[in-house]
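A.B. asks: Give me a model of this one.
(one chain, ligands or ions: 3)
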Amino acid sequence: MKKIILLGYMGCGKSTIANKLSKLIEIPFVDLDKKIEEKVNLSINAIFENHGEIYFRKLEHEIFIELLHSPEQLIIGLGGGTPCYANNHELLKGDNVVSVYLKASIDTLFNRLSHNKSKRPLIADKSDAEMKEFIAKHLFDRSFYYNQAQYKVIVDDKTIDETVLDIVAILA
Ligand SMILES: Nc1ncnc2c1ncn2[C@@H]1O[C@H](COP(=O)(O)OP(=O)(O)OP(=O)(O)O)[C@@H](O)[C@H]1O
Ligand SMILES: O=C(O)C1=C[C@@H](O)[C@@H](O)[C@H](O)C1
Ligand SMILES: [Mg+2]
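C.D. replies: Ligands and ions are numbered 1, 2, ... in the order given. Take a look at the predicted model:
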């Protein structure tokens, strides 16, 4: 069964949009970050702290593959970095997936993340000024991978429902 994959930078709205989309089109949503946490019974923060990022990226790759092979139709919300490691970006192009990049500007990401950074280890310790610079550079580095998605939806200045409907139109 085809998998619907949502990807994009931390805070672009993958989990929020996928939850709403899941209810609307009645296809279950699996959040890759949550699946990783359940599998090893540790928070993302604890995985980074106790085992390091390389271990996290390995787990992330393995569990992404497992989800792609599962027999059910699923909406998969990736982690912010998933497409950028272990050649995961190649998996966004398969016939059995519909991959959608939720594209947000630096300002949108900064505004959303500045209220909510403690659970995101890559930015948890940064000041506002450091965070803005970090997002700008990081997004630039990652854009190549995000742009491997089959579709792109710009999320700036859109409500959750508007973005969900953009994705429904892609799936139609
Ligand atoms: N129009 C909108 N669309 C999506 N999310 C929005 C919107 N407006 C505000 N938000 C908020 O942006 C925040 C980030 O969204 P969310 O956690 O879904 O992002 P994410 O891409 O899953 O991030 P991460 O990669 O860190 O898991 C949430 O607090 C969400 O409520
Ligand atoms: O952008 C990233 O590299 C990450 C985003 C989150 O979804 C988590 O997967 C983790 O915090 C790493
Ligand atoms: Mg999320």
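
A.B. asks: Once you drop chain neighbours, what's closest to Asp166?
C.D. replies: If the residues on either side of it in the chain are set aside, Asp166 comes closest to Val153, at 4.7 Å by Cβ to Cβ, 6 or more residues apart in numbering. Glycine gets a C-beta too; all of them are placed from N, C-alpha and C.

A.B. asks: For that neighbour, give me its contacts.
C.D. replies: Under the criterion of Cβ atoms under 8 Å, 6 or more residues apart in numbering, the contact list for Val153 reads 100-103, 163, 166-167, 170.

A.B. asks: could I get those residues as a markdown table with distance to ligand 3 and secondary structure?
C.D. replies: As requested, the contacts of Val153 are arranged in a markdown table below (distance: Cβ to the ion, whole Å; DSSP: H, G, I helix; E, B strand; the rest coil):
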| residue | distance to ligand 3 | secondary structure |
| --- | --- | --- |
| Val100 | 14 | strand |
| Tyr101 | 14 | strand |
| Leu102 | 11 | strand |
| Lys103 | 16 | strand |
| Thr163 | 14 | helix |
| Asp166 | 18 | helix |
| Ile167 | 16 | helix |
| Ile170 | 20 | helix |
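
A.B. asks: Can you tell me which of those is closest to Ile135?
C.D. replies: The closest of the contacts of Val153 to Ile135 turns out to be Lys103 (Cβ to Cβ; 13.5 Å).

A.B. asks: The longest helix that the chain contains: what's the following helix or strand?
C.D. replies: Counting residues, the longest helix found in the chain (DSSP state H) is helix 128-146. The helix or strand immediately downstream of helix 128-146 is strand 151-154, counting by DSSP states H and E.

A.B. asks: C-alpha coordinates for that next one, CSV please?
C.D. replies: Below are the C-alpha coordinates for strand 151-154, written out as CSV (Å, rounded to 0.1, in the frame of the first residue of the first chain):
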residue,chain,number,x,y,z
TYR,A,151,5.6,17.5,-4.0
LYS,A,152,6.2,20.7,-2.2
VAL,A,153,3.6,22.7,-0.2
ILE,A,154,4.4,26.1,1.1
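
A.B. asks: What pairs with that strand, parallel or antiparallel?
C.D. replies: Looking at strand 151-154 with DSSP bridges, its paired strands and their directions are strand 97-103 (parallel).

A.B. asks: residue contacts, the residue of the chain found nearest ligand 3?
C.D. replies: When Cβ to the ion is the measure, the chain has its nearest residue to ligand 3 at Ser15, with 3.3 Å between them. If you count contacts by Cβ under 8 Å, 6+ apart, Ser15 has them with 31, 33, 77.

A.B. asks: is the last one in a bridge, and if so with what?
C.D. replies: I take that to be Gly77. Leu6, Asp31.
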